[in-house]
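Novice: Please work out how this folds:
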Amino acid sequence: MRNLTMLMDYYELTMSNGYFEKGFKDKMVVFDMFYRKNPDNGGFVVSAGLEQLIEYIENMHFSKEDIEFLRGKGEFSEGFLQYLADFKFTGNIDALPEGTICYPNTPIVTVTAPVIEAQLIETMLLLTMNFQSLIATKASRICRTAAESGAVVMEFGARRAHGGDAAILGARAAYIGGAAATATVMADERFGVPAIGTMAHSWIQFFDNEYEAFKAYAEVYPDNCTLLIDTYDILNSGLVNAIRVAKEVLEPAGKRLKGVRIDSGDLAYFSKKIRKTLDAHDMKDCKIVVSNSVDEFLMQSLKKQNASIDSYGVGERMITSKSDPVFGGVYKLAAVQNDAGEFVPKIKISENVEKITNPGRKKLWRIYSRETGYALADLITMYDEEVNGDEPFAYVDPVKPWKKMKFENVDVKELQVPIFRDGKLVYDKPELDAIKAYVTEQLDHQIWEEEQRFTNPHIHYVDLSKKLYEVKEEMLSQGQGELH
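Specialist: Predicted coordinates:
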């Protein structure tokens, strides 16, 4: 396993050296990782990347070479360098189970640890959770759109990904979001994402003619033969030769042509023409696969045009989330433990209202309707508060704080679960298929359809307990980052 401990921003080291030199290395703090805006102006995010964060934390250590490199920078004390040489994460981490549907300004990961430990993991925590949550969310949008027409999605993006890790982990995230398979072999080897693939245009070009190329492939793979028919002429050559191979090679052997694929041209027009021709040749079971810069927006257009498509190969627009390629997850200090052992709330104040943080050590709850089972809202409380769905619980809508509101006769679930305790992993990592099924279960039975639409989705309510709201208002009125 690669040691990615040094994958951090330099200021994490300068601050940590400062904390060490000032005698704060054992001071406990709380950091929250959250985000402020849903990608593509959507209604939610599919959280992903927790497994890789766990692996990073478990393997975190500074090598002798790392220490020598840092010594050579001439900025760090020998005492601090020795601290790094002996470094091991000893704190607590709570997080949403991977695949949880989440919303802006709600804590996805919470770190409670000595300040240096909490600071040094910032960059890797963010890049891991940000990237996979972005791709899982984009995949969910694309796969849900495809499913409206009965089609499935395969992830084809490795060669357009922003590096090798992005290709492999992007395929993993896309699978969590709903993709059925990937073209990336290492994603199958490492994570069990089913790898699939047939041929490129080079296979057809290699042979003397298209028919011979198709015939050779069918002879090698008679049980799983899908032919790429747009190398030369889709309707007058590719489709004709594919049908000929089906009739002359496969069917006499008791096999069927599984599918044909096109990677260019007017996908709606050609798919309808292809379907009509295949059906006329008693090949209604032959699937039509399309690719070529597809995303949820093009799929919606193809559906309106009555395109006849059974599956999509989606590449660059999913693996890079091309329409909204940056996930704005942030990692902010929420509390510092004082000498009496109490966690003192901290707040980030900004001229930009959306950048003002929720202070203190907190809990995140999801409120469900007992009648429908669907989520009504998320609720953030102070850490020492408990919510019982049978009893009235006063809360504040931060958008309409003047309204007196309460939850009652609802089902309540605390969302974050323990991941690390005193540096030891206490979380049973689920299988990837279980994570994917968890996403589907939520979208099918817990998340309102109104939140899942792409245009002006319903904004999920994220409420604050009365106690948290009052703490926040008092800190804002003081204009300081600490509650006195």
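Novice: all contacts plus neighbour counts: C-alpha atoms, from now on.
Specialist: Will do.
Novice: Can you show me the helices along the stretch 201-350 of the chain?
Specialist: Secondary structure of the stretch 201-350 of the chain (DSSP state H, counting those that start in this stretch): helices located at 201-206, 210-220, 239-245, 267-280, 296-304, 316-319.
Novice: shaky segments in the stretch 151-300 of the chain?
Specialist: Low-confidence segments of the stretch 151-300 of the chain, defined by pLDDT under 70, are absent.
Novice: before we move on, back to that, now render the helices of the stretch 201-350 of the chain as CSV, adding mean neighbour count.
Specialist: What follows is these, written out as CSV (neighbours: other CA atoms under 10 Å):
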stretch, mean neighbour count
helix 201-206, 14
helix 210-220, 19
helix 239-245, 21
helix 267-280, 17
helix 296-304, 16
helix 316-319, 27
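Novice: mind checking which of those is nearest Gly91?
Specialist: For the helices of the stretch 201-350 of the chain, proximity to Gly91 was assessed by CA to CA; helix 316-319 is nearest, at 33.2 Å.
Novice: The closest one packs against which elements?
Specialist: If contacts are counted by 3 or more CA pairs under 8 Å, 6 or more residues apart in numbering; DSSP states H and E, helix 316-319 sits against helix 122-147, helix 164-177.
Novice: winner for burial among those helices?
Specialist: Across the helices and strands packed on helix 316-319, the average number of neighbours (mean count of other CA atoms under 10 Å) peaks for helix 164-177, which reaches a mean of 26.
Novice: Check the offset of the next helix or strand after that helix from the chain's centre.
Specialist: As assigned by DSSP states H and E, the chain's next helix or strand after helix 164-177 is strand 181-182. Relative to its parent chain, strand 181-182 has a centroid offset of 16 Å by CA atoms, centre = their mean, to the nearest Å.
Novice: what does stretch 463-479 give?
Specialist: 31 Å.
Novice: In that stretch, which residues are buried?
Specialist: 463-466, 468-469, 471-472, 475-476 (16 or more other CA atoms under 10 Å).
Novice: nearest to Phe24, of the residues you listed?
Specialist: Within those, the smallest distance to Phe24 is 24.0 Å, found for Met475 (CA to CA).
Novice: What about Gln119, how many residues nearby?
Specialist: Gln119 has 22 neighbours, counted by other CA atoms under 10 Å.
Novice: go on, Pro457?
Specialist: Neighbours of Pro457 (other CA under 10 Å): 16.
Novice: Excluding chain neighbours, what is closest to it?
Specialist: Glu451 (4.9 Å; CA to CA, 6 or more residues apart in numbering).
Novice: for that neighbour, helix, strand, or coil?
Specialist: The local conformation at Glu451, judged by DSSP: H, G, I helix; E, B strand; the rest coil, is helix.
Novice: export the buried residues of stretch 463-479 to a markdown table and tack on distance to Arg256 and secondary structure?
Specialist: A markdown table is the format used below for those (distance: CA to CA, whole Å; DSSP: H, G, I helix; E, B strand; the rest coil):
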| residue | distance to Arg256 | secondary structure |
| --- | --- | --- |
| Asp463 | 56 | strand |
| Leu464 | 59 | strand |
| Ser465 | 61 | strand |
| Lys466 | 65 | helix |
| Leu468 | 64 | helix |
| Tyr469 | 64 | helix |
| Val471 | 68 | helix |
| Lys472 | 66 | helix |
| Met475 | 70 | helix |
| Leu476 | 69 | helix |
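Novice: Grab the most central residue of this structure for me.
Specialist: Ser133 (2.1 Å; CA atoms, centre = their mean).
Novice: Could you double-check that that residue lies in contact with Leu50?
Specialist: No. Using CA atoms under 8 Å, Ser133 makes no contact with Leu50, being 9.6 Å away.
Novice: my guess is Glu155 contacts Gly313, does it?
Specialist: Yes. The criterion here is CA under 8 Å, and Glu155 meets it with Gly313 at 5.9 Å.
Novice: And the pLDDT for Gly481?
Specialist: Looking at Gly481, its pLDDT stands at 54.
Novice: And for Glu354?
Specialist: 88.
Novice: Need phi/psi at it.
Specialist: phi -70, psi -10 (degrees, to the nearest 10).
Novice: so it sits right up against Lys37, yeah?
Specialist: No. Judged on CA under 8 Å, Glu354 makes no contact with Lys37 at a distance of 9.3 Å.
Novice: hmm, who's touching stretch 93-111?
Specialist: 29-38, 43-51, 91-92, 112, 118, 176, 364, 380, 415-421, 435-436, 438-439, 442, 460, 462 (CA atoms under 8 Å, 6 or more residues apart in numbering).
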